[in-house]
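A.B. asks: Sequence first, then the predicted structure:
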There are 2 protein chains.
Amino acid sequence: MDETPKPPLTRIQRENRARIREAALEAFTRHDLCGGLRGVTLDKIALVAGLTKPNILYYYASKDAIYSDLLENLLEEWLLPLKEISPDGEPLAEIQNYVRRKLRLSIEKPRESKLFATEILHGAPLTAATLSGYLKDLVDEKAALIERWIKQGQLAPIDPYHLIFSIWAMTQHYADFDVQVRAILGAEKTKRLPDEASVFFDTLCARLLTPSK
Amino acid sequence: MDETPKPPLTRIQRENRARIREAALEAFTRHDLCGGLRGVTLDKIALVAGLTKPNILYYYASKDAIYSDLLENLLEEWLLPLKEISPDGEPLAEIQNYVRRKLRLSIEKPRESKLFATEILHGAPLTAATLSGYLKDLVDEKAALIERWIKQGQLAPIDPYHLIFSIWAMTQHYADFDVQVRAILGAEKTKRLPDEASVFFDTLCARLLTPSK
DNA sequence: GTCTATAGTCTGATAGAC
DNA sequence: GTCTATCAGACTATAGAC
């Protein structure tokens, strides 16, 4: 009677689930032969997590459930930089800061970026509803803000949606396609990458968005 | 004795292999539950191709062989636009044309773009050698050309490597993440996408690359 | 809560008739 | 060259001891 129908997770359960998520994130995005939902076995996740296969399935109902949980926990963090664009700041600086935050996130958390990319690339089977609901609303709001800035002459005229897409694409490129980036830049230039990319994007934003007098 | 050790493929063999490649490309990049090398079964490819599983394996030694062949046939076409940047043209127009060709390729052949993206995302197990060899040389050559244009004052100063990465990222975004783009733009704006993206990129290139007088 | 053992299913590849 | 039938291995998930 005192039991709730869905009791909250205990501390140990939360910890073990977090441990499994970390192992799964590693396994799903490691450069083995192939990644993605089907490319990874429970055995691999169990090996990385230091648990046995049935034990994993004690904490998660199925492999798909791990993958879903991982994505859900990811989305919120991933959209935070966009949320933080403020109507009260100086327009160009707000967007440059957004790009910088997004770039840092991509470089510091490439696994998360890759997992999200894999999900969208394969048709967003688990996040389609979130994309056309929550995410669309958020982007519409920020696009309207950018439009307002443009109307007030604080930014040069540009399509705000394609601007946002471009920022996503360019910043995530360094995480998702890091193998290609590294192959082309070579070891030397790769070391300087974070700084040089940062400068590049600052320049790009300034030239693209500074209104002509 | 008259037999060559590796006889060239007959016409029928070429046709059937092409048919299998088409079916595999469709299967590998279709929005089912998950894609990629492991996400697709020979049964699915056989179904799409209208052949039986053993018949597929008569034309290709293994599933991996189909995937490899697909990628090899793809790379050449995919790099053609970059190759076509000419030292003899007007610099800004050359780059704008490159972006336009790349965008058209992404929009017209999204499956090819997605297959390539999947390969790189998963660590480029089959194309790593090509990336750091042939592709690096090609990019180095074009980056040097852009540097020359900048030194001659025909383009505004910018890091040519990050410029090329950005062009790749932005154009391929419309193919690889089409689900997300469509979810955010809605049906109406999606219809106008090719034109609006084209205008956006022309503007972006002009503002980014036109030298200040 | 965690383990061993295993059920049951799917899948890549092969054998052999036609 | 193309088919049916089938094997051998790998995989997810479960049963049940401790």
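C.D. replies: Structure's in. What do you need?
A.B. asks: can we go C-alpha only for contacts and neighbour counts from here?
C.D. replies: Will do.
A.B. asks: CA atoms of the helix or strand harbouring A:Ile95 as PDB?
C.D. replies: Element membership of A:Ile95, judged by DSSP states H and E, is helix A:91-108. Taking Å, rounded to 0.1, in the frame of the first residue of the first chain, the C-alpha atoms of helix A:91-108 are listed here in PDB:
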ATOM      1  CA  PRO A  91      23.400  40.500 -31.100                       C
ATOM      2  CA  LEU A  92      26.700  39.700 -32.800                       C
ATOM      3  CA  ALA A  93      28.400  38.800 -29.500                       C
ATOM      4  CA  GLU A  94      25.400  36.600 -28.600                       C
ATOM      5  CA  ILE A  95      25.800  34.600 -31.800                       C
ATOM      6  CA  GLN A  96      29.500  34.400 -31.600                       C
ATOM      7  CA  ASN A  97      29.200  33.100 -28.000                       C
ATOM      8  CA  TYR A  98      26.700  30.600 -29.100                       C
ATOM      9  CA  VAL A  99      29.000  29.300 -31.800                       C
ATOM     10  CA  ARG A 100      31.900  29.200 -29.300                       C
ATOM     11  CA  ARG A 101      29.900  27.200 -26.800                       C
ATOM     12  CA  LYS A 102      28.700  24.800 -29.500                       C
ATOM     13  CA  LEU A 103      32.200  24.300 -30.800                       C
ATOM     14  CA  ARG A 104      33.500  23.600 -27.400                       C
ATOM     15  CA  LEU A 105      30.800  21.100 -26.700                       C
ATOM     16  CA  SER A 106      31.600  19.300 -30.000                       C
ATOM     17  CA  ILE A 107      35.300  19.100 -29.300                       C
ATOM     18  CA  GLU A 108      34.900  18.100 -25.700                       C
END
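A.B. asks: Which strands or helices does it pack on?
C.D. replies: Identification of packing neighbours for helix A:91-108 by 3 or more CA pairs under 8 Å, 6 or more residues apart in numbering or on different chains; DSSP states H and E yields helix A:63-83, helix A:160-176, helix A:193-209.
A.B. asks: Return the most buried member of the ones you listed.
C.D. replies: Highest mean neighbour count among the helices and strands packed on helix A:91-108 (mean count of other CA atoms under 10 Å in any protein chain shown): helix A:160-176, with a mean of 22.
A.B. asks: Spit out the contact partners of the closest residue to A:Val40 other than its chain neighbours.
C.D. replies: Leaving aside its sequence neighbours, A:Val40 sits nearest to A:Phe28 (CA to CA, 6 or more residues apart in numbering or on different chains; 6.1 Å). A:Phe28 makes contact with A:Gly35, A:Gly36, A:Leu37, A:Gly39, A:Val40, A:Leu115 under the criterion CA atoms under 8 Å, 6 or more residues apart in numbering or on different chains.
A.B. asks: which is the next helix or strand following the helix or strand hosting A:Phe28?
C.D. replies: Using DSSP H and E, A:Phe28 falls within helix A:11-29. For helix A:11-29, the following helix or strand on the C-terminal side (DSSP H and E) is helix A:36-39.
A.B. asks: Measure how far that following helix is from the centre of its chain, please.
C.D. replies: What separates the centre of helix A:36-39 from the centre of its chain is 19 Å, taken as CA atoms, centre = their mean, to the nearest Å.
A.B. asks: who touches that helix?
C.D. replies: So helix A:36-39 is contacted by A:Phe28, A:Thr29, A:Asp64, A:Tyr67, A:Leu115, A:Thr118, B:Cys34, B:Gly35, B:Gly36, B:Leu37, B:Arg38, B:Gly39 (CA under 8 Å, 6+ apart).
A.B. asks: can you put these in TSV and add distance to DNA strand D and pLDDT?
C.D. replies: TSV is the format used below for the contacts of helix A:36-39 (distance: CA to the nearest atom of the strand, whole Å; pLDDT from 0 to 100):
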residue	distance to DNA strand D	pLDDT
A:Phe28	11	93
A:Thr29	15	92
A:Asp64	6	94
A:Tyr67	11	95
A:Leu115	17	95
A:Thr118	17	93
B:Cys34	13	75
B:Gly35	15	74
B:Gly36	15	82
B:Leu37	13	87
B:Arg38	10	89
B:Gly39	11	90
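A.B. asks: Generate a PyMOL selection restricted to the buried subset of those.
C.D. replies: With 16 or more other CA atoms under 10 Å in any protein chain shown as the criterion, this PyMOL line picks the buried residues out of the contacts of helix A:36-39:
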select buried, (chain A and resi 28+29+67+115+118) or (chain B and resi 34+35+36+37+38+39)
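A.B. asks: Contact residues of chain A facing DNA strand D?
C.D. replies: A:Arg38, A:Val40, A:Thr41, A:Leu42, A:Asp43, A:Lys53, A:Pro54, A:Leu57, A:Ala61, A:Ser62, A:Lys63, A:Asp64 (CA under 7 Å from any atom of the strand).
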